[in-house]
Structures are given as C-alpha cells and as structure tokens.
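Chemist: The sequence isn't on hand, but the structure is:
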RNA sequence: GCCGGGGUGGCGGAAUGGCAGACGCGGCGGACUUAAAAUCCGCUUCCCGUAAAGGGAGUGUGGGUUCGAAUCCCACCCUCGGUACCA
C-alpha cells in the first residue's frame, strides 16, 4: 500500500488548507453519493453471520415541499447514530420512506389546481434528492411510499381484520370537526380545542364515524415495562390514557322516567352523603326524558346554546359555570334523599357516565356551582379543625366521615372502601375504572388517504369489501370544488358499486383512513419490503423486531406512538406478530431554533440548500450536531458554522500532510503522549456517540485534531503512530461527516468504504497519564496545583501540597483541623485561626 | 392550575459532589501578504491592581446540607414544551 501525499498542501508549502489540495466539499460529496449508490454499501441483508441486527428507525417525513432545516437536524443525527452503530459491528438497517397521504396535497390541489398525486410524487422526488445530498446512508431498497396502492392495500386489509374481530366499528356520535380542513379529527389531534394541523377552532358534529377500539387496550397500554423510553413520553401517555378508579352509582329517577336511573361516576365515593344535586351533561340522553314541562323551554334553550359553543369556550376553566334545572329529582340510595337534577355544561358527555353527583363541600367545581344556584353545601368529610361552620371553599383532602349515617366516625379513607362495599352489596352500583382515552376516530372526510374498504347495501347493510378485491383504489384525475368536500363523495365511478353479498347496486364508503394508520405499522414493511401476497413476511419481521432504536419528535407522544403500540398489540392478538411492543428504545431529538425562536418559513426562515451549496453537507451535518445537546435541540447561528468548516479543513490538512520527515521509530515520550490522547479520544467519542451526545463527541475530535497537528509539528513521533492517529481520526469522523471521511480514507491509501470499517478500539489503561495535577485547597478554596506521580500515596500528595509556598501562606498561624484527600483530584486542608 | 425540560462568560454550550466556563463562535493582539481574503499563533468570566504578583466575586433568586455545591435538599422567580372543568 502506498501513501500518496502528492498534490496536497504540506504545512511548509503555503500553509494548511491552501494550494491545489484544498478541501472542496462540492466535488467530493457528489462523487461519493454516486459511488455509494452504485456500490450499494447501505443495502442490508436480513442476517449476517456474527453480527447482531440493529433496526435504526427514524420517523419518516411527510413530503411537503422541501426538506427543511428541522428535517436535517433530525435525519443527520439519526443517520450519524446509525452509521456509528454499524461501525460498532451491528448489522444496521436504516431505512427511509414517505408518509405521503395527507391534507397539504389536497390543499395544494384546491388552491393551485395541482393534482394531489402529482404534487406528492414530485415532492418525494425532491426529498430523495435532498436526502442523497445530505449523504444519508439509507437502504433505499426498502423504501416505502404510503400512498402507493401496494402499501395502502394493507391498511385496508388490516382494517378488515380489525372489523371482523370487533376492533373497528362504526358509530353515530359527536365527533371533533375542523371546519377549515372539512374533516373530523381524533381526540389526540385536537390541541387546546384547536385542530392540531391548522389551528382552527374545532367544533362538535354528530356524524356516523369509524373507530378503532384502542380503549380495549387501555390497561395494557399503561404497561411500559418492556420499553426503554424517555420517562417524559411514558408519562404523557399515562396521563393521556388517564386511568382513574372510582365507583359508579345509580340514582333512581323512576318518579320522572319509569325504570330509569342516573349513573354517576366518582372517585370520591366517601363524599356520597354530601350529594345535594345531580348534574347531567347537556348531551346526556336522559335530559329530554327528565325535563318537566315547566322547565322545557329553558332547558331546550340551554342545551341548544351549549351546542353552539366551541370546545374552547366550553372547557375554559375561567368561565363561570352555568346550569339549569330540569324540574326532576332523583333519590340518593344511601340516605334516601331526594335531590334536584340539573343540566350543566361543566359536565362532559364524553367522560365517565356524563353525569356527576354534586358534592359542593368536597369538590371545588360543585362548590362554585352550588354557591351560584343556592344549593345546599353539606360537609360529610370533616377536616381536623372544622368548627361545624360554613366552608369558604371545598375541602378536598381526607378527613373524618360526618353526616354519613352508619359511616360516621370513620376516616374518609376507610369510608371510601366501606361505602363502596355497601353499594356493591346492595346492587346500587360498582367499583369501576374509567379512562380519559377514547376510541381512535379513524374516519376522515378527505380524498388523499386510504379509502375505507366498506360497502353500504340497502339490503345487506354494512358489508366489508372482500379481501381479494383489495385494494380499493383512489380514483385518478379527480376534480376538487370550492366547497371543500372530498371528490370521492361525487365521483360516480368510485361511489357506485355492487354489493359483494347480494349483487345489488350499493355505495362505497367515502371516508378515508386517518394517516396515522399508515405509520402505525410501517416499520414492519421496512423489515419486509417485498413480501408478495402478505402484508409482510414473518421471518423477516422476526429478524428485525422490535425496532431497536426509534428516533423522532416528542410531538408524537400521544398520537403516532400510542397508535403504533395499539396497532402492534392488535396485530399480535390477531396472530400477525409475536411481540408486544413495536419500538424497544425511543430517543427524542430536540427542536432546532434560531435566534431563540421557532424556525418558520415566513417569519424566521432557514433554508438548508444554500448552506449546503456554500459549505457542504458534511459541514452542515456536523454543525447541526455541534450546536448543543441533540436531545434538547439547538440554537442556530449563521456565524458559528465557520468553526466546523475550519475544523473539517484541518482534518483535510492533517490527512494530507507529508510525513516523510517522520522516522521509523519515534521518541518514547511523544509516542506515549499521542497514544494516550488517541485512546482517550476513542473512549470519549464512543461513550458520547452512544448517548447521542454528538456535540461533545465533535469537541473531542477537534481536540484530537489539534493534538495530531502538534505531534506532527514537533516531528518526534513515528510514521506508524502518525498514520494510526490519522486513521483513528477519520474513522471517528466518518459517521458525522461521511463524505470527507470517505475521500480521505481513499487518499490515505485505503481500499473499500470507510463506512464498512469498524470503530477503533481503546484501552482504558492507556488513557491514564503518568503524572497528575492535584488541586490544593485551603478551606475549600483552590490555592495551588501540584504535579505528582499518578500512583502517589496520600502522605506524599499531602507533603507535596504543603510544600507549595502559595499554600503555606494560607496555613500560617492556623491550626489544621481536618484533611481531605481525594485520590487523583485534590487535597483540601481545613484550618482555623489559632486562638 | 397541574406535569416535564431548562436557566452557567458578549453568544452556542461543557462540567451531575472535587481546579466552573471544555469545544466552538465573536472580539482583541500578532505572523504570513504589496494589500485583502483565507490560514496559523496568542489572549479573552467579571471586579480591584498601570502591569505583574496577588486578592475578591461568580452558574436565575433566597435559604440549607457538606471539608467542598452549577451539581444534593427546601422555598420562590423566569422560560420553553405538554396538558387542562376528567367528576
């Protein structure tokens, strides 16, 4: 092997980085992007002897116009980590695809007359180009595009499996409706009462909609034992699922509605004797039956008015609580009391039973409500210093049962159990568990999505499309009209069909599936990209499951990540997969900002393309990784990128240096010193890369680069050490800056791709120095530093410390009271003045 | 309101009980150059001190634990996310 250093700048000739061998990203980056593709170096086999599989998945993008800087931040980090793991000897599968169904395509169609399909596929082409320019090491053989019929066919297939097994159902009910996007939304897609996507205030609409029965898995979804996930995300899921235990108890209303009772749910059954009224949600089915003629007008008006309110107005905690009497009364089974039934909009139809027992003394909302409407406030759980007088606010903590019949005198904690037991024994109700989690609404009244494979027949009702007829294809060349309605609803070719059961004319479902269905199982398809007649090949899925490392934003905590977990468990129960969880380890990257503000196309733009052109992809990648701790995000500044560019320029210089001046064997001390920093660097880089701490990893490489330059300048090391040092530097740089590392790997005489090499090894023993610097403190203040042998004993260390004149000055006239010796760190002499 | 992250030089950040400010940006000074750019070298937390020596202060605020605290504990402030009438 010969080493060519011709044509490259040496430090003597015109200075590093100058001359004909100057680092020129534009040339080398293109070259390697083409070569890598030709050689297929990122293609992954399902099994490689002696290597463990590592599925490095990063959340795939929605192909909007361009890859923006946030994408770069995410994908460059994910790619660097995947490359690092590959160099650690894993068989790494790092795929990429496109989550290409969704509203922006349709909006572009409505606004500019673009065809959603053309618009989407044009964007995908652009994204592929940009990923290539980034130097991302994807296995493109596994690419998937969710809007391809060969992919969405399986969304339909799984929908049918779910339907046949009671996990998909259609129900007429109140759904979140975004008036701008003209579609319903799942609960998870409503943030602060607004559409998660466009920010429009969401309304409630009564519609028949399709749901996935995610609540059947609520309990299992609370189990995170198998997951190595950030606590933040599991906490968010736990809160979203919102398990609460309590008691459902029925209040008899047969006086006003024969054989009816009002079921209420409470977590505080210990306060049931304090119930002085019952409040029904305005949408509660009993409202109409119970309302008395005298109150009908008022109740109707109230219910109607509430219906007109947006979710935001409705749920604002600042708003005054309102209500109206129905004129009906019900009976508290525990004390036989007759209490009024009201309608109040602070009670939500969608939670618990849609009715609450009003206990104003022990619930702040009920308290405010009772004050306003002059309802009785009766204490049943007394605080230790309650004087029997009126309350200023609800008493929420535990206390002693009073006014509670046979339970008086018990602590409310005991009361809770005893009362629940009596209720169950008497058949008045039962202990129950409720969840905040609702079933996943999957219907979307949009065109650009997976058609729901259902046919409505006048005679046979709801009929699933037979599996052999899949996929139900989205029509081509559709017309969008200004009313925003999906073209599917007026496309006769799509709409009209025949019933698979009876053969009569029938109509297709025109709703499409929520795009989160696509992403709920895409990882399985990456594992098994060409399975033929099945959604995926079990053998291949087994080889790659669960996903070893999953990277993505925190914003998906209760959407995609929850849906995926549900989907996996449903697939498991239907026999498609054998494991419980889709993603074993989760890592969230932070958010990239600029000038302390969110980056936005309009107000705070930051386009990667010109930066790639000016500085190169490697520089941009490294700079993004260097900005700060990746899991916490980064604050972009235009000037900072020069630092990375200079560093890569120095790496270029180092690798190209003429080493003909170095000898066969070097000076022992210089050799040892370079060896030490080499091993220490590898240790730091491996530890930091493992933990996604790209910033400190790069800092270590910068220091190592400088150390190499100094070693070369001093000229005391051997050729062998120099070349080993350069090799080590390139190997560590490779995951972060793949092009320059590859180019220099070739230029330093290596054959084969650096990206298929292994990380250098390190020996911790070799990272140690022969002498160490001890800090010497007097009363905790550093007064001097002393150089001692690394294996110094305490006595010698203390003696060396006291020998320092700077230290001695502070000991004068003092009595030593204590001595702290931390080996390898410091000596602290604690003194006090002589009396 | 509740839950979570964060608050460190002019700036991005390092350091998770042991020398605060690694690494980088910016700034200042120097070398190279006819000059500039590029590159290289040095300095760069603040205050007192002409300077050096030396000293003092210092990690959002106030308290505490400890020989020693950015780091642990308590109370609070600010900020960024998430979530919110969940009975």
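Modeler: All right, it came through fine. Treat the numbers as computed from the prediction; the structure is a model and nothing was measured.
Chemist: Which parts of the stretch 501-650 of chain A are strands?
Modeler: A:505-508, A:512-513, A:549-552, A:586-588, A:592-594, A:597-598, A:634-636 (DSSP state E, counting those that start in this stretch).
Chemist: Same list (those) but as a markdown table, adding mean pLDDT.
Modeler: Shown next, in a markdown table, are these (pLDDT from 0 to 100):
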| stretch | mean pLDDT |
| --- | --- |
| strand A:505-508 | 97 |
| strand A:512-513 | 96 |
| strand A:549-552 | 96 |
| strand A:586-588 | 95 |
| strand A:592-594 | 91 |
| strand A:597-598 | 84 |
| strand A:634-636 | 92 |
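Chemist: out of these, nearest to residue A:728?
Modeler: Among the strands of the stretch 501-650 of chain A, the nearest to residue A:728 by C-beta to C-beta is strand A:549-552 (25.2 Å). All C-beta atoms are positioned from the backbone trio N, CA, C, and that covers glycine.
Chemist: elements contacting the closest one?
Modeler: If contacts are counted by 3 or more C-beta pairs under 8 Å, 6 or more residues apart in numbering; DSSP states H and E, strand A:549-552 sits against strand A:53-58, helix A:69-87, strand A:586-588.
Chemist: thinking again about what came up before, can you tell me which of the strands of the stretch 501-650 of chain A is most buried?
Modeler: Mean neighbour count (mean count of other C-beta atoms under 10 Å) peaks for strand A:512-513 among the strands of the stretch 501-650 of chain A, with a mean of 24.
Chemist: what's the longest helix in chain A?
Modeler: Longest helix in chain A, counting residues (DSSP state H): helix A:668-690.
Chemist: That one near RNA strand B at all?
Modeler: No: using C-beta under 7 Å from any atom of the strand, helix A:668-690 stays clear of RNA strand B, coming no nearer than 7.6 Å.
Chemist: what mean pLDDT does that helix have?
Modeler: Here helix A:668-690 scores 95 as its mean pLDDT.
Chemist: Where does the prediction get shaky in chain A?
Modeler: Scanning chain A for pLDDT under 70 picks out the ranges A:1-20, A:311-312, A:315, A:317-318, A:835.
Chemist: Just want the residue of it that's nearest RNA strand B.
Modeler: residue A:643 (2.3 Å; C-beta to the nearest atom of the strand).
Chemist: give the contact list for that residue.
Modeler: Residue A:643 sits next to A:623, A:626 when contact means C-beta atoms under 8 Å, 6 or more residues apart in numbering.
Chemist: Where does residue A:723 sit: helix, strand or coil?
Modeler: helix (DSSP: H, G, I helix; E, B strand; the rest coil).
Chemist: My guess is it contacts residue A:748. True?
Modeler: Yes: using C-beta atoms under 8 Å, residue A:723 is in contact with residue A:748, at 7.4 Å.
Chemist: For the residue nearest the centre of chain A, give its distance to residue A:235.
Modeler: Against the mean C-alpha coordinate of chain A, by C-alpha atoms, centre = their mean, the closest residue is residue A:554 at 3.2 Å. Distance, residue A:554 to residue A:235, by C-beta to C-beta, to the nearest Å: 11 Å.
Chemist: and what of residue A:81?
Modeler: From residue A:81 over to residue A:235 (counting by C-beta to C-beta), the distance is 24 Å.
Chemist: same thing with residue A:100?
Modeler: Distance from residue A:100 to residue A:235, by C-beta to C-beta: 32 Å.
Chemist: interface residues of the stretch 501-650 of chain A facing RNA strand B?
Modeler: A:554-555, A:557-558, A:596, A:598, A:626-629, A:632-635, A:637, A:639-640, A:642-647, A:649-650.
Chemist: Filter those residues down to the buried ones, ChimeraX style.
Modeler: The ChimeraX selection below is limited to those of these classed as buried (16 or more other C-beta atoms under 10 Å):
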select /A:554,557,558,626,627,628,633,634,644,645,647,649,650
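Chemist: just checking, which of the residues of the stretch 501-650 of chain A next to RNA strand B belong to helices?
Modeler: A:626, A:642, A:643, A:644, A:645, A:646, A:647, A:649, A:650.
Chemist: Need the residues you listed in CSV (columns: distance to residue A:480).
Modeler: Below are these laid out as CSV (distance: C-beta to C-beta, whole Å):
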residue, distance to residue A:480
A:626, 45
A:642, 48
A:643, 49
A:644, 46
A:645, 47
A:646, 52
A:647, 51
A:649, 52
A:650, 55
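Chemist: Which of those residues sits closest to residue A:705?
Modeler: The nearest one, if we look at those relative to residue A:705 and count by C-beta to C-beta, is residue A:650, at 5.2 Å.
Chemist: Go ahead and confirm that closest one touches residue A:707.
Modeler: No: in this structure, residue A:650 is not within contact of residue A:707 by C-beta under 8 Å, at 11.5 Å.
Chemist: quick one on the thing from earlier: so for residue A:100 and residue A:235, which residue has more residues nearby?
Modeler: Between residue A:100 and residue A:235, residue A:100 has the larger neighbour count (other C-beta atoms under 10 Å), namely 27 against 13.
Chemist: Quick check, the more buried one in contact with residue A:63.
Modeler: Yes: contact status for residue A:100 versus residue A:63: in contact at 5.5 Å, counting by C-beta under 8 Å.
Chemist: Now for those two: what residues contact both?
Modeler: A:120, A:124.
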